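# can't give you the sequence, but here's the structure:
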C-alpha cells in the first residue's frame, strides 16, 4: 500500500502569520521534498501551496476582542477546525503566532498524539507568565524568534530553540543613504509613516488619532507629508472611509518602501516596529486598549514581567523609543507626544543609531533564515531527534527522506 505523503497542518490567523507561514512552507518543501500542506491561513499560504480550510486573516479582529462580540461564530469555527484535525490526522501541527485559536488546535493535536511544533511563540514572558505551563503542556517543540526566549522557555519546561527573526526575511537591503533627518528637522520636509495596523479593529481604533496627528504635523510643518500604510486594498478602503473625504496619502502593500523613505513613524505596536528599526526610523509606538483592559493592566501590573510593552524597547532592554501603552485613544495625548518627539533633534539621531544597531544584531543572530531553521526543527521532531537547552539546530532531512 502506498504511503501517503508527509502531511503538515499549519494555522495562522493574522496577515503577518500568513506571510511567515508561507515562507515556512517554501522552506519545508525545499527540505522535505514531497509534502501536503493544509490548514488555516490566507492568500500567501495558498499561493505557497497550502490547502486553506478557513481564511481568518481578513477577520483577525474576531480573535482579538471579537470573540466576545461574535462568540457563536468563533465557537463554531474552532469546533470545525478541531474536527478537521481529527479527520485529517496530519503528521504534525504547526501553530503560527496568535494563541487565541492556536491553543485549541494544539490541544486537539496533543490528545490525538500528533506532534505540535509552535512557530513564533506567544509572548508569555511579557504578560501572564503562568501561561508558560500551558505552552509546555501543548507543545513538543517551540521555534522562537527572539534571542532571550530560548533560555526563558527552557527554564519553564518548554523545549524551545531560537531560529532568528522572520521579520527580516522579506526586507530588501537597507538604502545606502537613509532619509536626511537634519534636513527634515531644519526645513520641515518631513516624510512620516502613519501605521494604523492591519486588523479592521485596529484601524478603526487608531485612525481618528492618527488623522488628527497628521493634521497637526502638517500645520506645524507645511512641507511635511504623512503616508498611511495599508496591508491590502480592503484596509485602504476602510482607511479612506474613516478619513471622511480628507486628502491623505495611502500606500497599499508597501509598508517596507514607505518606512525606508521616512524620517519618522507613528506606528502601532508589533513586529512592524522591528521593520522601522531596520530602516533606522525614529518612532512613537502606541496601541489602543479598552478602558477595562487598561484598568486591569494597572491593577494587575504584577502580571507583566517587562517594564516596557513595545518590542523594540523590550529587546533593547531600555526605552529607546517613546511608547503609549496602554492608551485609550485620546487624540491630544498621541498628538502632543509626536510633536514633542519630532522637535527633539538629539533624540532623533540617537534613536536612529540605537534602532539600526538593534535590528542588525537581531538580523545576524542566527545562521540561516528563521523559516529554514524552523523547518529543520519540524523535521527533527518528526524524526524523533532529541534536543537540549544548548543545542544548535540539527538537520534530519536525509533521515526523513529515507
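Perfect, I can see it now. On a predicted model such as this, the values are computed, not experimentally measured, just so you know.
# quick one: contacts for the residue nearest to residue 103 when sequence neighbours are not counted?
For residue 103, the nearest residue in space outside its immediate sequence neighbours is residue 138; the separation is 6.6 Å by CB to CB, 6 or more residues apart in numbering. In this view, the C-beta of every residue, glycine as well, is placed from N, C-alpha and C. With contact taken as CB atoms under 8 Å, 6 or more residues apart in numbering, residue 138 is in contact with 103, 106, 107, 110, 116, 118.
# ok, and the most crowded of the residues you listed?
For the contacts of residue 138, the largest neighbour count, defined by other CB atoms under 10 Å, is 28 neighbours, found at residue 118.
# give me the pLDDT value at the closest residue in space to residue 329 that isn't next to it in sequence.
Spatial nearest neighbour of residue 329, chain neighbours left out: residue 288 (4.9 Å); criterion: CB to CB, 6+ apart. With respect to pLDDT, residue 288 has a value of 87.
# for residue 229, see how far away the residue nearest to residue 103 is.
Note on residue 138: its distance to residue 229, by CB to CB, to the nearest Å, is 34 Å.
# residue 100 now?
To residue 229, residue 100 is 24 Å away according to CB to CB.
# the two: which is more packed in?
Under the neighbour definition other CB under 10 Å, residue 100 and residue 229 were set side by side, and residue 229 has more, 28 against 19.
# tell me the helix or strand right after the host helix or strand of that one.
Take DSSP states H and E as the rule and residue 229 turns out to sit in strand 225-230. Following the chain from strand 225-230 toward its C-terminal end, the next helix or strand by DSSP H and E is helix 233-243.
# which other helices and strands contact that next one?
helix 200-220, strand 225-230, strand 249-252 (3 or more CB pairs under 8 Å, 6 or more residues apart in numbering; DSSP states H and E).
# before we move on, back to that, pretty sure the residue nearest to residue 329 contacts residue 333?
No: at 11.1 Å, residue 288 does not count as touching residue 333 under the criterion of CB atoms under 8 Å.
# hey, what's in contact with both of these two?
By CB under 8 Å, 6+ apart, residue 288 and residue 333 have these common neighbours: residue 327.
# the two - which one has more neighbours?
residue 288 (25 against 14).
# that older thread, mind putting the helices and strands packed on helix 233-243 into TSV with mean pLDDT and distance to residue 373?
As requested, those are exported to TSV (pLDDT from 0 to 100; distance: least, CB to CB, whole Å):
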stretch	mean pLDDT	distance to residue 373
helix 200-220	95	30
strand 225-230	97	29
strand 249-252	97	31
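# quick one: closest of these to residue 270.
Ranking the helices and strands packed on helix 233-243 by proximity to residue 270 (CB to CB) places helix 200-220 first, at 9.1 Å.
# next, the angle helix 233-243 makes with the closest one.
Using axes from the mean of the first three to the mean of the last three CA atoms, to 10 degrees, the direction of helix 200-220 lies 50 degrees away from that of helix 233-243.
# helix 200-220 packs against which elements?
strand 191-195, strand 225-230, helix 233-243, strand 264-268, strand 283-288, helix 331-342.
# about what we covered before: local confidence estimate at the residue nearest to residue 103?
The pLDDT attached to residue 138 in the predicted structure is 96.
# how near is it to residue 282?
In this view, residue 138 and residue 282 are 39 Å apart by CB to CB.
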